[in-house]
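Visitor: Show me how the following folds:
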Amino acid sequence: METDWDAEYKKLERLWNAPADSALGIYNELIPKGKVLDLGGGEGRNAIFFAGKGYDVTLVDKAETAVKRCELTAKEKGLKIRTKQEDILATAIEPSQYSLIIFSNVLSFFNEAAIKRLIEKAKSGLKLGGLIYIQCFSTDDPSYMRYKEKQKGHKGRTFILNGGEYRHYFTKAEVLQRLSDFKSISIAEKSFLDIGHGKPHYHGVIEYLGVKESE
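Guide: A predicted model of the protein is given here:
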C-alpha cells in the first residue's frame, strides 16, 4: 500500500517545516512573472513564497491535510493560491502556460515510467523561457544503501517497498539526461539534516533548475 500522506501530515503540526527551496530563493528573479504550478506541493512552502512575490500560483497535492494547511497559511498571509486535491499523475497541464513548474521531493516516489510521464507533461506545460525545478533523492541518500542491502541482487535505482510503494534514487547524470533539451541554470548534490519529522536524519538530494529554450 502506498504511503498515506494525509496520515503523515496529521501526525505533526508541520511535516516539512522549511522555507522555500534554496535554488528557488536564489534564482527567483530569473523566473518570468506569470503562472507557477507546484506539483505535490504539500503544505505550500514554495507556493507561499511565489504567491508573496505576485505570481499566479496553483498547488496540487493528494493529501487533504496538506492542502488545507496551505490554504490556511495563504489566508493568514493575505495571499491567493489555487489548490487542487488530486494525484499529480491525474493533473491536466495545459501546454505553454507556466513560468515555473515545481517538483520538490516528489519524483522519487514514482517509478521510472511515471517519472518520465510527469517530466514530459511539465515540459509541455512550460512556456518558452519558463523554468522547471526538481529536488529529488540521490544515490547519496542513506536509505539507498539500506534498500540495496535488503534487496540483494536488485538492479537499477528504483525499489518497490512493502505494499508496492516506490523509491527512485537519481544521479546527476540522469537528471541532466531527462532535461537534456533544457538549459541548466543550477544543479547541485546536497546532504542535509532533516529535523522536520521523526528522529533527525540525513538526506542526500539533487537540486536542479533549468530553462526551456525551445519547443
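
Visitor: C-alpha only now, for contacts and for neighbours.
Guide: Noted.

Visitor: what about the strands in the chain?
Guide: Taking DSSP state E as the criterion, the chain contains strands spanning 35-39, 56-61, 81-85, 98-104, 126-137, 158-160, 166-168, 182-194, 201-212.

Visitor: Could you list every helix and strand in contact with the first one?
Guide: Strand 35-39 makes packing contacts with helix 45-51, strand 56-61, strand 98-104 when contacts are defined by 3 or more C-alpha pairs under 8 Å, 6 or more residues apart in numbering; DSSP states H and E.

Visitor: Quickly compare the ones you listed and say which is most buried.
Guide: Compared across these, strand 98-104 shows the largest average neighbour count, a mean of 25 (mean count of other C-alpha atoms under 10 Å).

Visitor: sorry, back to before: dump the helices and strands packed on strand 35-39 to JSON lines, plus mean pLDDT.
Guide: Formatted as JSON lines, those follow (pLDDT from 0 to 100):
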{"stretch": "helix 45-51", "mean pLDDT": "95"}
{"stretch": "strand 56-61", "mean pLDDT": "98"}
{"stretch": "strand 98-104", "mean pLDDT": "98"}
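
Visitor: possible to save these as a markdown table with distance to A23?
Guide: Shown next, in a markdown table, are these (distance: least, C-alpha to C-alpha, whole Å):
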| stretch | distance to A23 |
| --- | --- |
| helix 45-51 | 11 |
| strand 56-61 | 18 |
| strand 98-104 | 11 |
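
Visitor: So for S22, which of these sits nearest?
Guide: Go through the helices and strands packed on strand 35-39 one by one with C-alpha to C-alpha and the one that ends up closest to S22 is helix 45-51, at 10.0 Å.
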